[in-house]
Structure formats: structure tokens, C-alpha cells
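A.B. asks: when you get a sec, could you give me coordinates for this:
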Amino acid sequence: MVARTLGAVVVAVCATGSAVGASAPALKPIDPVALQAMVEGTAKELLLPGAMVLLNTPHGNFAFGYGTTELGVTNPPRGDIHFRPASNTKTMTAAVIVQLIQEGKLSFDDLISKYVDGVPNGEQITIRQLIKMRSGLYNFTNAPELAESLDNNPDKAWTSQEVLAMAFKRPPHFAPGAEFEYNNTNYYLLGLVTEKIDGKPVATIFQERLFGPLGMKNTLLPVSTSNTIPEPYAHGYIYGGASYALVDAPYPDDLQAAARAGTLKPDDETWQNPSAYFAAGGVISTADDLATWMRALVGGQIFNADYKRQWLDSPEAEDPSKPEGQKYGYGISLIAFGPNKIYFHGGEMPGYNSFMGHDPDNDVTLIVWTSLTLSLDGKPTANALMLKILDQIYAVSPVTPAKR
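C.D. replies: Next comes the predicted model:
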């Protein structure tokens with residue numbers, strides 16, 4: 001998986017100066033006809049089998065399912081359809097970590113060696129560096145043997161020893177704290193930390209601390225031996241196999257041509273066992289539940305007032321040379337355009353792509369999932385839809401620099 005995945009979304013957003021006065025409205029009214037036409041047109045361009053858009057704003061709500069939950073079947077997606085949101089799981093893992101710190105059971109300055117043995121540089125890597133993607137560890141989803149296994153042995157249930165071995169046998173990319181690099185190994189380790197402290201499986205921890213209290217009845221972390229999804233669910237597809245979702249490799253010209261001509265159909269990746277992703281990306285959910293989650297997480301229902309502020313203030317620039325660019329914090333990304341800012345995360349895995357975001361100042365919640373991981377030009381498909389939706393609802397566009 002490349003830097004944008006299992007969920008960190010690389011967003012082509014232009015940071016802009018504020019071209020709108022403080023008294024001017026930040027949002028445009030929703031035009032449901034125009035919005036649906038845009039979603040349909042974009043989905044067709046991207047060759048999406050299916051997509052779901054859920055948008056809530058003070059000016060109105062919009063929910064639209066495009067295509068079908070399974071190729072060859074007429075069954076439009078809905079808000080209660082299960083899918084795999086991949087790295088959006090990281091927001092949940094990070095939330096539990098922050099709760100444990102809030103409860104005094106853990107410290108941001110604790111070293112990972114205190115909880116997990118054998119981590120390269122483990123005597124130097126802190127919980128804060130793991131949660132903010134600054135450990136330097138090798139990202140296990142970049143290991144070619146993972147993609148090969150997913151394609152050839154999709155039922156395989158991965159153990160923590162097998163997953164961590166893929167990362168630990170390869171040298172770290174940089175010294176702890178030196179740089180930002182989106183990395184699934186970080187959140188796999190954080191999942192193990194939560195289990196050691198709470199004395200329960202991550203699935204139980206999520207249910208007791210997050211899903212149950214928030215009424216997220218359709219969200220779960222499945223057991224490691226399961227490759228099924230609860231009914232009703234959407235199938236997930238990708239052209240060319242798992243490696244294109246996990247490794248930053250462009251589609252070859254002949255594959256693109258065959259797909260556009262309709263002579264090549266995408267592979268159905270629905271039944272790949274997600275156990276390798278664990279606390280970094282293994283959750284199953286629905287658009288409805290993720291909207292509940294983002295409103296609660298960003299709105300302050302998960303932490304006390306002190307830790308809510310720390311969480312909101314945690315994002316820092318991924319690239320120090322671009323201080324106004326995309327930021328990453330305690331399991332959350334932040335983008336700003338004009339006077340607006342959106343806390344968000346994304347998810348990408350073989351078969352599915354997704355985005356979930358909440359703008360607390362303007363009370364906007366947007367959930368997008370698609371059942372095709374990448375477009376033929378290599379773009380995350382949910383991202384492509386998300387940017388066009390934001391362009392239609394914000395007075396200052398996130399894709400066109402504001403005039404000064």
C-alpha cells in the first residue's frame with residue numbers, strides 16, 4: 001500500500017487565502033439534482049461498479065447510491081450497506097490510545113519496547129511517534145509477499161508474528177521522529193498496545209469503548225479467521241490484483257485499454273481475509289455508522305474537554321516545507337482551504353476506497369465509499385468524488401485557488 005493507503009488520503013487540495021468575508025456564507029445550498037448528476041457522471045468516468053455518498057449540512061442532506069452492490073445484479077448501495085473502510089479504522093485505534101492516556105494508563109512518551117518486543121529502534125520510538133506516523137519503521141503493506149498472498153491465498157488468517165516479521169526484517173526508513181511517513185506498521189503496533197493494557201481483544205475494546213456507546217450497531221472488527229461481511233454488503237473490486245492497491249505501481253497501458261473497452265472485468269476482492277490489517281484497517285462498517293462516528297469523534301463525544309482540544313490540535317504538516325498543506329495528527333488528517341477546515345481520514349484496500357470527514361465549524365459531514373479501489377489513472381476513486389462534492393457545496397473551492 002502506498003502513502004495514501006490503508007487510508008491516509010493524499011488530497012490534491014490547494015491551500016487558499018480567504019476570498020470570502022467573515023460574514024459571507026461558507027456553504028452553498030445543496031442542489032440535489034446537480035449533485036446527483038455530478039456523482040453519476042464522475043462514477044461512470046471512473047468505471048465504478050458502485051458508490052455511496054452521504055452528505056449532511058445545515059442547508060440540507062443528500063444520500064445517493066450509484067450503480068450496484070454486485071456486478072451483474074441490480075441492487076443500488078444504501079447507507080446501511082456494509083463495506084470495508086480499511087484505514088478509517090486508524091481513527092478508532094487512535095481514539096482508544098488517547099482514551100487510555102486520558103485515563104492515566106498510558107503516556108504519549110512511553111516507548112513501544114515497553115509493550116512489544118523486537119521492534120527495530122523500539123527503545124527510541126514513542127507512542128506519540130507511532131500515532132503521528134513518525135516512527136520510521138518499514139510499512140508492512142509495502143512488502144511484496146503480502147500482495148502475493150492476498151492474490152493467491154486470500155483466505156489466509158495472518159498472525160501478529162507473521163505481519164510484524166514483514167516489517168521488522170527490513171531496515172527502518174529514518175530515525176524516529178525525523179520525518180512523516182504514512183505507515184500501517186505503526187497502527188498494528190498500537191492495536192497490540194491497547195490489547196496489552198486493556199487485557200482484551202481489539203474487537204472487544206472497540207465495541208465496549210466506541211461502537212456500543214455510540215449505537216454503531218453495524219460496525220465491527222471481525223475475528224482473524226473470518227473473511228465474510230454481514231448482510232447486506234457491497235462487493236469490492238480492483239483491476240489487476242491486490243498489488244496495485246498495496247504498491248504504488250501504475251496500471252500498464254494494455255490493462256487500461258482492455259478495461260476501457262470492456263474486455264477486462266475487475267477482480268472481485270470481497271473475500272480477502274483482512275486479518276493482516278488488524279487495528280490499522282480491518283473494520284467493517286456502513287456509511288450511516290461512519291457518519292455517526294465522525295460527528296462524535298470531531299464533535300467531542302469521545303474525550304474529555306482537555307483531550308478533545310489536544311486531539312483537535314494534534315495535526316502537524318506532513319511536509320515541513322508546506323506548513324499550510326495536509327496535516328496528520330492523532331489518527332486524523334486535516335486540510336484547510338480558505339476559511340474552512342475538514343478533519344478526515346481515508347481508507348484504501350483491494351476492493352474498496354473511502355473517505356470520511358467532518359467540518360465542525362460549518363457542521364458538514366461527508367462519507368464517500370466506492371467499490372473500485374483505483375481509477376485506471378491510479379487515483380483513489382472516493383477521493384475523486386469527494387473533491388468534486390466539496391467543490392459544489394463550499395463557497396471557497398478546495399480545488400481551485402481563491403482569488404486574492
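A.B. asks: need the helices for the protein, in chain order.
C.D. replies: With helices called from DSSP state H, the chain shows them at 32-45, 89-102, 127-131, 144-152, 160-168, 184-198, 202-206, 212-214, 243-246, 253-261, 278-281, 287-299, 305-313, 381-393.
A.B. asks: hey, least reliable of those by pLDDT?
C.D. replies: Lowest mean pLDDT within the helices of the chain: helix 243-246, a mean of 86.
A.B. asks: who touches that one?
C.D. replies: Applying Cβ atoms under 8 Å, 6 or more residues apart in numbering, the external contacts of helix 243-246 come out as 1-2, 5, 141-142, 144, 146-148, 150-151, 238, 249, 251, 348-351, 373-374. No exception for glycine: its C-beta is placed from N, CA and C like everyone else's.
A.B. asks: in strands, which of the residues you listed fall?
C.D. replies: 238, 348-349 (DSSP state E).
A.B. asks: how about these in a markdown table, adding distance to G325, pLDDT and neighbour count?
C.D. replies: Output for those, formatted as a markdown table (distance: Cβ to Cβ, whole Å; pLDDT from 0 to 100; neighbours: other Cβ atoms under 10 Å):
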| residue | distance to G325 | pLDDT | neighbour count |
| --- | --- | --- | --- |
| I238 | 28 | 96 | 23 |
| E348 | 20 | 96 | 32 |
| M349 | 25 | 95 | 30 |
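A.B. asks: out of the residues you listed, which comes closest to T93?
C.D. replies: M349 (15.5 Å; Cβ to Cβ).
A.B. asks: not counting sequence-adjacent ones, nearest residue to the closest one?
C.D. replies: A86 (4.0 Å; Cβ to Cβ, 6 or more residues apart in numbering).
A.B. asks: I'd like to know how many residues surround V39.
C.D. replies: V39 has 23 neighbours, counted by other Cβ atoms under 10 Å.
A.B. asks: contact partners for it?
C.D. replies: 51, 53, 64, 66, 385, 388-389.
A.B. asks: same deal with G65?
C.D. replies: By Cβ under 8 Å, 6+ apart, the residues touching G65 are 50-53, 76-78, 81.
A.B. asks: now those residues: which count as buried?
C.D. replies: With neighbours counted by 16 or more other Cβ atoms under 10 Å, those contain buried members at 50-53, 77-78, 81.
A.B. asks: next, format these as TSV and append distance to K265.
C.D. replies: Shown next, in TSV, are the buried ones among the contacts of G65 (distance: Cβ to Cβ, whole Å):
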residue	distance to K265
G50	14
A51	18
M52	21
V53	24
P77	19
R78	24
I81	21
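A.B. asks: nearest to M38, of the residues you listed?
C.D. replies: The closest of the buried ones among the contacts of G65, once distances to M38 are taken by Cβ to Cβ, is V53, at 9.8 Å.
A.B. asks: hang on, the earlier thing: and the residue nearest to M349, what pLDDT?
C.D. replies: The model's pLDDT for A86 equals 98.
A.B. asks: that one contacts P350, correct?
C.D. replies: No: applying Cβ atoms under 8 Å as the test, A86 and P350 come out as separate, 9.3 Å apart.
A.B. asks: look at these two and report which has more neighbours.
C.D. replies: Set side by side, A86 and P350 show more neighbours around A86, with 32 against 28, by other Cβ under 10 Å.
A.B. asks: now the more buried one: how far from E179?
C.D. replies: A86 sits 23 Å away from E179, taking Cβ to Cβ, to the nearest Å as the criterion.
A.B. asks: cool, E70 as well?
C.D. replies: For E70, the distance to E179 - Cβ to Cβ - is 42 Å.
A.B. asks: for G357, same thing?
C.D. replies: 25 Å.
A.B. asks: ditto for R309
C.D. replies: Separation of R309 from E179 (Cβ to Cβ): 26 Å.
A.B. asks: again, but for T219
C.D. replies: T219 is 33 Å from E179, by Cβ to Cβ.
A.B. asks: so which of the two has more stuff around it?
C.D. replies: A direct count of neighbours by other Cβ under 10 Å for T219 and E179 places T219 higher, at 25 against 15.
A.B. asks: and that one, what is it in contact with?
C.D. replies: 206, 211, 283-286, 289-290, 293.
A.B. asks: once you drop chain neighbours, what's closest to it?
C.D. replies: S285 (4.1 Å).
A.B. asks: I'd say the one you found and D80 touch.
C.D. replies: No: contact criterion Cβ under 8 Å: S285 and D80 do not qualify, at 10.4 Å.
A.B. asks: now do the shared contacts for those two.
C.D. replies: N218.
A.B. asks: of those two, which one has the most company?
C.D. replies: Taking neighbours as other Cβ under 10 Å, S285 and D80 compare with S285 leading, 27 against 13.
A.B. asks: so who does E40 touch?
C.D. replies: E40 sits in contact with Y66, where contact means Cβ under 8 Å, 6+ apart.
A.B. asks: how far away is G378 from D254?
C.D. replies: G378 is 15 Å from D254, by Cβ to Cβ.
A.B. asks: the more surrounded of those two?
C.D. replies: Taking neighbours as other Cβ under 10 Å, G378 and D254 compare with G378 leading, 13 against 9.
A.B. asks: mind listing what the more buried one touches?
C.D. replies: Going by Cβ under 8 Å, 6+ apart, G378 touches 250-251.
A.B. asks: and it, how far from A384?
C.D. replies: In terms of Cβ to Cβ, G378 sits 11 Å off from A384.
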